[in-house]
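Asker: Okay, sequence plus prediction incoming.
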There are 4 protein chains.
Amino acid sequence: MTDSTRLRGIFTPNIVPLDSRGEIHEAELRRYVDWLIERGVHGLYPNGSTGEFTRFTAEERVRIIEIIADHNGGRVPILAGAAEANVRETLRACQRYYELGCRAVAIVSPFYYKLSPAGVYAYFKEIAKNTPIDVTLYNIPMFASPIDVPTVRKLAEECPRVVAIKDSSGDLPHMMRMIDAVRPIRPEFAFLTGWDAALMPMLLIGCDGGTNATSGVVPEITRKLYDLTLGGRLDEARSLQYRLLRLFDAMILHSEFPEGFRAALRLRGIETGKGRQPQSPGQQLQLDKLSTELQCLLAAEGFTDEPVGGCPVGESVDPEQIARIVQGVVGELKRRGMA
Amino acid sequence: MTDSTRLRGIFTPNIVPLDSRGEIHEAELRRYVDWLIERGVHGLYPNGSTGEFTRFTAEERVRIIEIIADHNGGRVPILAGAAEANVRETLRACQRYYELGCRAVAIVSPFYYKLSPAGVYAYFKEIAKNTPIDVTLYNIPMFASPIDVPTVRKLAEECPRVVAIKDSSGDLPHMMRMIDAVRPIRPEFAFLTGWDAALMPMLLIGCDGGTNATSGVVPEITRKLYDLTLGGRLDEARSLQYRLLRLFDAMILHSEFPEGFRAALRLRGIETGKGRQPQSPGQQLQLDKLSTELQCLLAAEGFTDEPVGGCPVGESVDPEQIARIVQGVVGELKRRGMA
Amino acid sequence: MTDSTRLRGIFTPNIVPLDSRGEIHEAELRRYVDWLIERGVHGLYPNGSTGEFTRFTAEERVRIIEIIADHNGGRVPILAGAAEANVRETLRACQRYYELGCRAVAIVSPFYYKLSPAGVYAYFKEIAKNTPIDVTLYNIPMFASPIDVPTVRKLAEECPRVVAIKDSSGDLPHMMRMIDAVRPIRPEFAFLTGWDAALMPMLLIGCDGGTNATSGVVPEITRKLYDLTLGGRLDEARSLQYRLLRLFDAMILHSEFPEGFRAALRLRGIETGKGRQPQSPGQQLQLDKLSTELQCLLAAEGFTDEPVGGCPVGESVDPEQIARIVQGVVGELKRRGMA
Amino acid sequence: MTDSTRLRGIFTPNIVPLDSRGEIHEAELRRYVDWLIERGVHGLYPNGSTGEFTRFTAEERVRIIEIIADHNGGRVPILAGAAEANVRETLRACQRYYELGCRAVAIVSPFYYKLSPAGVYAYFKEIAKNTPIDVTLYNIPMFASPIDVPTVRKLAEECPRVVAIKDSSGDLPHMMRMIDAVRPIRPEFAFLTGWDAALMPMLLIGCDGGTNATSGVVPEITRKLYDLTLGGRLDEARSLQYRLLRLFDAMILHSEFPEGFRAALRLRGIETGKGRQPQSPGQQLQLDKLSTELQCLLAAEGFTDEPVGGCPVGESVDPEQIARIVQGVVGELKRRGMA
C-alpha cells in the first residue's frame, strides 16, 4: 500500500564527499548527514542531480543509499534517486531502496535520447506497475526529456504508486498547471520544486516543498524560508528569498554545476574533496575567485569569516567601461606606433 | 523632468477593433476604452504585442494613440507603444506621444535581428538620451532581443528617462534579479509583468503591476486579482489566479496570438472585427471550437451565457486511449482480412 | 503570366549606403549597383536582411527599389524584398515593384509573432492569390517564422505565382527535402540558398543559386565559386569555398549583423556610411579590430593592401593561456596589496 | 604509438539484437556482424547512439564489444563506444577495448549536465593523456554537450591519441570549420559524419567517411553512395543520396529513435527483438504503420517483398517521381556543362 502521508518540506539533494583517491568518503558522508539533519532539513535526497548520480557507477549509487539509510537510522524520510540504465535495472534499484526503508524513490525522465510525451509516459507506466516503493517523477527539462502536464495527470490517474513530482524547471505557471490538473483527482499527490530561486512563490501557489540544492549548503536559510512562508510572514520570507537567490545564483551561474555548491560546502566545513569531472586551469581559476565571493556571501549570513583580503563594498566593473579604457590604451599605443 | 509617480497597477494592452474593410474601427475603439476604464483598469497600453503594433503602418500606430488619448481625456495614464523602424523614427513617435499627454512610452527591444546585450544597450541609451517622455523598456525574449539584467541596471543607472521595465518572459527569478539590481539605485523604477499566468506571485515578490492581455478581456478578474493580492487576501487571490490561468491558457495556447483574445473579447460584446493576419480554413475551424470553450469559461465567471449546446462536464479524451481503440479496430479488421 | 525563366545564379542582397545624416546615399547606391554588376553578379536583391529592410521606413524601402531599378536599367534581374506590415501593404509593394519591372519579389515569412505552419501558409496563400508579380518565399528561421517542407509543397502546388524559395537556414538536408517535394510538380520552381558557408554543396545537391551577402563584398569570389562548381571543377571550387567560409565567418561571427559586411565593403571602396543601429563603445572597438582582420583577409585575396601594421602569421591567443597570465598578474597585484 | 592509418569509410553503428527476455541475443549479434561485413561496411561501431549504449549496463557494454571483437576476428576495424560514468571508468573501458584489438574508441562528450567548452576540453584532455588506445571525439549536440571548433583544434594539437572526430550535427559549415582548423596541424586526423542525410556533400567537402545508422539497415546503399561519391560519379551519387534521405527520414522522423531502424532491420531478416525502452500503445500503432511504409521503401530498393496489401502508388515511393527529380537535376547540370 502507498504510504498515505504526503511528501512535504525540504529534501536535501546531497553532494557526495570524495576522498583523495576520488572514492566515496564514507565517514565524511555520515558526518554530513548528521550536519544536515541537525540544521533542520525535513528529508534527504541522495542520487539527485546535485549528487551527480550519473558520475557514479551503479554499484556506487546503491552504496550511497546504503550508507545514508544506515546512518539516518529513520530520523528523516529518504527520497532515493533510482534512475538506472533501463526499466529492469531501475526496478532492481527500487526493490533495494524499498528494503532499505526509503520513503520513496525519485526517477528522472529518460535522458540522452529526447523522448516524446508518449515515450515518457510508457517508461514511467512500466516502472509504476512493478515498483514496490512509491515513485516521485523528476522533471528537469534542461537535462532530460520533459514530462508534460497531460503525462503527469495520466500517470497520477492510473498509478497509485506515483505519489509526487519534483519539478526543476522553475516555471511557475507550469507548476500551477500540474497542480490544477492533478489535485482534484489525487489530493495526496505532492508537488516539490527543485528551483531554489522561486521557492517562496512556489510554496505560495501550492507546492508542498522543495528538493533544493541550497539546503545542502545553507540548510538554516532554506528551512527558515520554508517556515516563514508557510507561517504567512511574507515580508521576512521575501527578504530571505532575495538573499537565497543571491547565494543560489553565485553557486549556479559562474561554474560547472555543481562545482559552486561543492566550493560553498567546503567553506561550511564539509570535506567534499574534488569532483570527478576534471576542471581546466581556467575553470580552476574561476572556482578560486568564486570561492572568495561565496565566502563573502556566507560571511554576510554569519556562517563563515570574511576572506583574508576582506569583501568588496562597491560594484563589479562595467565591461563597456573596460572597453573604453582599452580603447584609450590602444589609441595611445597606436599613436606611439606600438600597435 | 521625469514624473515622480511610479508606474503602478494594471495597464491594459488593448486589441484594436477593425471594421469590415480591415480599417481601424474608431467608434468601437472609443467604446472599448470606456468599457475598460469602467471595469477598473488602472491604465491603457496601446500598440503593445496584443495590439499587434507590427501589423499596422507607422501612420496607423500614431492614429491609434491619438484616438485613445483623445477619448481617454486624462482619466487614466497611457503607456504608448513607440517602437518604430529605427532610433530616429522612434524618437519622432516619442515626441508625438509626449505632446498627446501620454504618461510614458513602452519600447520593445529590437527584433528580427537578434542583438547582443551591447547592441540592446546602445539602442536604448540613444533613445533615452533624446526622448522628451519617460521610457518603459519592454522585454519579451520569445519575440525580440532579450534585455538582460546588467543592461537594465546600466540603463537605470545612466538614464533618468528610463523609469520602468515591462517583462513578458514570465521568469520569476529573472524579475527578482532585476528588482534586486535596480531598486537600491532607483527606488521609483517600476517593474511590470506581462505574464498573466504569474501575476499574483510576481506582485508578491515585488512587482508594481502588470500589462496583462487578460485585462482587456476580463478586466474585472485581473483587477480583482491585483487588489486581493495587494490586500493580503492570499487564499482568495490564489483561487482567482488559478481561474485566470485557465482563461489565459485557453486564449493563448490553442490559436495564433492574439486570435484567442480577439475571440473572447467578441464574446464580451466588443466588435473586434477580423484580424489582419489571414487564418487558414483549419485555423478558422479551431477558432470556432475555441470560441465555444471560451464561452463556457466566461459563462462560468458570469460574463456570458453558456453556448447553445451547453458546456462539457467531463474531461477531454486521452490520445493513448484513442490509440488503443484504433489498435483494436485495426486488429479486428485485419482478422477479417479487411486491412 | 508567370515568367517562364527559372531564377538562377547569384543575387546580391545589397547594403544601402547612408550619408552623414543617416539618409539613403543615392549617388553611392548607384555607384555600388554598377560596381556589383561589373563584377559579375547575376541579379540584385535589395531590401533583404543584409539590406536591413526593417530599419527603413515603408517609404524608404520603395525609394531604394526605385533607385536600383532605375539605375540597373534592365541589365540584371531584380528580386525585390517586399515584406510590409500586413498582406495589404505587402500587395501594394508588389504592385509597385511590378510596375518598376522587377523580376520577382522576395517575401520573408511573418516575424515578431511566431506563426504556426498553418499561419505561414495562410499568409503566403493570400499574397499569392493577389500579387501581379512572381513571389519568392523567404525562409530564415533564425529571424522569422519557419516555412516547413509541407507548406512549401502546398504553396508550390496551389500558387503558380510562387516560383522560388530562398532558404537561409543553411540546413542542407532541409533543402534536399524541399527539392524532393517540389521538383516533380513544379520543375521550373527555383531553390536559392542564403547561406554562403554552404554554397558549393548546396549547388551540388541541386540548388539553382544563392542570395549571398558575401557577393555584395567579394562578388568576384562568390561568382567564381558558382562557376567552378557548375563547371565541375570541384577541387578548385572546394578550395574557394573554404576561403569564402573564412571571410563569411569573419564578417558574421564577431559583430552585430550586418556590421561586419559594412566594414568589409568600406575596405572595398564603397562609402557605406554608418549603420542606423547604434553601436556601444565596446562594439565600436570590436569593429575596429574586425576591420583590421578583414583587411588582412581581403589583402590575401588581392582586393586591398595589408593594414599598416601588417598581418599576423601565427594563431589567436588561447583563453586558457590568458587565464594563466591573468592568474599571474592578479597574484602579483595581491602580493603588492593592490588587489 | 598511434596507428598511422587514417580512419576512413563507413563504420556501422549496430543495433544490438535482444532475445525474448530482453537479454543480448549473442547468436543473432554474431550473425548480424557477418551480414554487415558481407555487405561491404568498412568497419563496425558498437556502443554508439544507434546501439543504445545508455540502455545497457556497464558489464553489458563490455560484453557487446567482446562478442563483436571475437566474431569479427580482425576482418574489419572496430571503433568501440567507450563512454562510461566518469574518466576513470572510461579509461578502464579503453584499456579493455585496447586488449580486445579494437582500432580506436569513440567517446561521446559528457551528457546530462551541459558542460561549457572548458569542461568538455578538460574531460577529453584527461582521457587522452591516459588512454592506451586511439580516441575518436564524438559530437552529438542534440544529445550531449557540444564540442566546439576551438576545443577540437586544441585537443588535436595537444593530444596525439585523439585521432578523429565523429560529428552527428549534420551542420556542414561546422564540419568545414573543423577541417579547416585541424588539417594543417594534423593531416592524418579523420573526420566522420554521423548524419546520413548529408553523406555525399560531407564527403565532397573533405570528410573521410561516416558512422551512419542507415549502413546497419541498407549497408549496400550507404556503401555504394560512398564509393560513387569518391569515384566522382556525382549524378549517380546524388540520386542515391536522395533515395537514402527518404529511407533515413522514414526511420528517424516518425518514431522514438532508434525504433525505426530496428523495425527496418527486422524487415531485412535480422531478429532484433524488442527494444528496452517501453512503447505506449499509440507508439506501437505508429510503429506498425511505419513498418509497412518501410517495407515499401525497402521493396522499391529490391531488399524485401512488398507488404501483403501492396504499396501506395502516390507520394513517397513513386519511382517515376524519383526518376523525374533525378532527371531534372541531371539534365539541368548537364545543360550547364557540369555532368
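Answerer: Sure thing, it's come through.
Asker: which SS class is residue A:191?
Answerer: Classification of residue A:191 using DSSP: H, G, I helix; E, B strand; the rest coil returns strand.
Asker: Quick check: bridge partners of it?
Answerer: Taking DSSP bridges, one obtains residue A:165 as the residues bridged to residue A:191.
Asker: what about the helices in the stretch 1-150 of chain A?
Answerer: Under the criterion DSSP state H, counting those that start in this stretch, the stretch 1-150 of chain A carries helices at the ranges A:26-38, A:58-72, A:87-99, A:117-130, A:149-158.
Asker: how about these in CSV, adding mean pLDDT?
Answerer: Below are these laid out as CSV (pLDDT from 0 to 100):
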stretch, mean pLDDT
helix A:26-38, 98
helix A:58-72, 98
helix A:87-99, 98
helix A:117-130, 98
helix A:149-158, 98
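Asker: As CSV, these with distance to residue D:201 and mean neighbour count would be great.
Answerer: (Each C-beta comes from the backbone N, C-alpha and C, glycine too.) Formatted as CSV, the helices of the stretch 1-150 of chain A follow (distance: least, C-beta to C-beta, whole Å; neighbours: other C-beta atoms under 10 Å in any protein chain shown):
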stretch, distance to residue D:201, mean neighbour count
helix A:26-38, 53, 18
helix A:58-72, 42, 19
helix A:87-99, 40, 19
helix A:117-130, 32, 21
helix A:149-158, 39, 20
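Asker: Any part of stretch A:84-91 near chain D?
Answerer: Yes - using C-beta under 8 Å from any C-beta of the partner chain, stretch A:84-91 reaches chain D at A:85-89.
Asker: Return the member of the residues you listed nearest to chain B.
Answerer: Among those, residue A:87 lies closest to chain B (C-beta to the nearest C-beta), at 17.9 Å.
Asker: The closest one is in contact with residue A:123, isn't it?
Answerer: Yes - counting by C-beta atoms under 8 Å, residue A:123 is a contact partner of residue A:87 at 6.8 Å.
Asker: which residues do the two both contact?
Answerer: residue D:278 (C-beta atoms under 8 Å, 6 or more residues apart in numbering or on different chains).
Asker: still on that earlier bit, so which of the helices of the stretch 1-150 of chain A comes closest to residue B:287?
Answerer: For those, proximity to residue B:287 was assessed by C-beta to C-beta; helix A:149-158 is nearest, at 22.2 Å.
Asker: Let me know whether the closest one sits next to chain D.
Answerer: No - Helix A:149-158 lies out of reach of chain D by C-beta under 8 Å from any C-beta, never closer than 10.0 Å.
Asker: by contact count, what packs against that helix?
Answerer: Identification of packing neighbours for helix A:149-158 by 3 or more C-beta pairs under 8 Å, 6 or more residues apart in numbering or on different chains; DSSP states H and E yields helix A:117-130, strand A:135-139, strand A:162-167, helix A:172-182.
Asker: Kindly check the end-to-end length of stretch A:8-25 for me.
Answerer: End-to-end distance of stretch A:8-25 (C-alpha to C-alpha, to the nearest Å): 29 Å.
Asker: Report the buried residues of it.
Answerer: A:8-18, A:24-25 (16 or more other C-beta atoms under 10 Å in any protein chain shown).
Asker: Can you tell me which of the residues you listed is closest to chain D?
Answerer: So of those, ranked by how close each gets to chain D (C-beta to the nearest C-beta), first place is residue A:18, at 10.8 Å.
Asker: still on that earlier bit, can I get the buried residues of stretch A:8-25 in JSON lines including distance to residue C:308?
Answerer: As requested, the buried residues of stretch A:8-25 are exported to JSON lines (distance: C-beta to C-beta, whole Å):
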{"residue": "A:8", "distance to residue C:308": "71"}
{"residue": "A:9", "distance to residue C:308": "69"}
{"residue": "A:10", "distance to residue C:308": "64"}
{"residue": "A:11", "distance to residue C:308": "65"}
{"residue": "A:12", "distance to residue C:308": "62"}
{"residue": "A:13", "distance to residue C:308": "58"}
{"residue": "A:14", "distance to residue C:308": "61"}
{"residue": "A:15", "distance to residue C:308": "56"}
{"residue": "A:16", "distance to residue C:308": "59"}
{"residue": "A:17", "distance to residue C:308": "59"}
{"residue": "A:18", "distance to residue C:308": "56"}
{"residue": "A:24", "distance to residue C:308": "62"}
{"residue": "A:25", "distance to residue C:308": "61"}
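Asker: which parts of the stretch 101-250 of chain A sit against chain D?
Answerer: Counting by C-beta under 8 Å from any C-beta, the stretch 101-250 of chain A sits next to chain D at A:110-116, A:118-119, A:121-123, A:125-126, A:142-144.
Asker: hmm, try it at 7 Å
Answerer: Listed as neighbours of chain D in the stretch 101-250 of chain A under the rule C-beta under 7 Å from any C-beta of the partner chain: A:111-113, A:115-116, A:118-119, A:121-123, A:126, A:143.
Asker: Most widely separated two among these?
Answerer: It's A:126 and A:143 that sit farthest apart of those, by C-beta to C-beta, at 21.4 Å.
Asker: where in the stretch 201-339 of chain A is pLDDT low?
Answerer: A:313-339 (pLDDT under 70).
Asker: Skip the chain neighbours and tell me the closest residue to the most centrally placed residue in chain A.
Answerer: Centroid check for chain A by C-alpha atoms, centre = their mean gives residue A:213 as the closest residue, at 3.5 Å. Leaving aside its chain neighbours, residue A:213 sits nearest to residue A:50 (4.4 Å; criterion: C-beta to C-beta, 6 or more residues apart in numbering or on different chains).
Asker: From chain B, how far off is the nearest residue to residue A:75 once chain neighbours are set aside?
Answerer: Spatially, and ignoring its direct neighbours in sequence, residue A:75 is nearest to residue A:37 (5.6 Å; C-beta to C-beta, 6+ apart). Plainly put, residue A:37 is 28 Å away from chain B if you go by C-beta to the nearest C-beta, to the nearest Å.
Asker: Please apply the same query to residue A:50.
Answerer: 18 Å.
Asker: With residue A:195 instead?
Answerer: 7 Å.
Asker: how about the helices of the stretch 1-150 of chain A, which one is nearest residue D:279?
Answerer: Of the helices of the stretch 1-150 of chain A, the one closest to residue D:279 (C-beta to C-beta) turns out to be helix A:117-130, at 5.6 Å.
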